[in-house]
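> give me a model of this one.
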Amino acid sequence: MSKKKIGTCCLVIDASIARAADSLESTHPRGILCRDFLVAVRGVCHRIAWTDAIKNEWDKQDSLFARQWRFSMLKLDKLRPVEETITSEIRDSIQEHCNDADILAIVLNDCHLIQAALAADLRVASLDEQVRGHLATLSAAVESLRPLIWVNPAVVEENAVEWLEKGAPDQKKRRLKPR
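Below is the predicted model:
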């Protein structure tokens, strides 16, 4: 019996997931969902977009489980370095279209995730619903944000592991869009 080949993607995984991912013994729902998400990323053979900014966040925030998971991804050659070259264009466009200084600060703080996703396969996994909402609103004016796909593994209804197991397909419902 032949197995159906699953497509793989290069994902940006925010350090918020690394921080939340718990050990195999944990029973905390959010930690379990994040841990299962990371395990599925490795199991389906997805790769991780890796920049200095992402590495620095992970170094500060990852759990013991996430640190071991990252080491296994490194050994499997699944950490893909991506260029950090287009941030100024994205930043400039966001600054031009965001009139609220507080929102601008929040969005610019995570702009490195957007930059990495644009340099990889347009997929971001993060627990940060606030940033997701602000980016979705900004996507009305900032066209380059519209193709980005955002998944939150801690939101049960998003079925993040199932999405990964299907090859992390480009689904319109997962794209950043104005609310």
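
> what is the helix or strand of the chain with the lowest mean pLDDT packed up against?
Lowest by mean pLDDT, DSSP states H and E among the helices and strands of the chain is helix 87-97, with a mean of 85. With contacts taken as 3 or more C-beta pairs under 8 Å, 6 or more residues apart in numbering; DSSP states H and E, helix 87-97 sits against helix 101-109, helix 111-119. Where you see a C-beta, it was placed from the backbone N, CA and C, and this is true even at glycine.

> including mean pLDDT and mean neighbour count, could those go into a markdown table?
Below are the helices and strands packed on helix 87-97 laid out as a markdown table (pLDDT from 0 to 100; neighbours: other C-beta atoms under 10 Å):
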| stretch | mean pLDDT | mean neighbour count |
| --- | --- | --- |
| helix 101-109 | 94 | 14 |
| helix 111-119 | 93 | 23 |
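
> TSV for these, including distance to Ala154?
Putting these into TSV (distance: least, C-beta to C-beta, whole Å) gives the following:
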stretch	distance to Ala154
helix 101-109	19
helix 111-119	16
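
> so which of those comes closest to Asp77?
Nearest of the helices and strands packed on helix 87-97 to Asp77, taken as C-beta to C-beta: helix 111-119 at 17.9 Å.

> what's the angle between that closest one and helix 87-97?
120 degrees (axes from the mean of the first three to the mean of the last three C-alpha atoms, to 10 degrees).

> can I get the CA coordinates of helix 111-119 in PDB?
The C-alpha trace of helix 111-119 is given here as PDB (Å, rounded to 0.1, in the frame of the first residue of the first chain):
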ATOM      1  CA  CYS A 111       7.900  42.500  12.200                       C
ATOM      2  CA  HIS A 112      10.800  40.100  12.000                       C
ATOM      3  CA  LEU A 113       8.200  37.200  11.900                       C
ATOM      4  CA  ILE A 114       6.500  38.800   8.900                       C
ATOM      5  CA  GLN A 115       9.900  39.400   7.200                       C
ATOM      6  CA  ALA A 116      10.900  35.800   7.700                       C
ATOM      7  CA  ALA A 117       7.500  34.500   6.500                       C
ATOM      8  CA  LEU A 118       7.800  36.600   3.300                       C
ATOM      9  CA  ALA A 119      11.300  35.200   2.700                       C
END
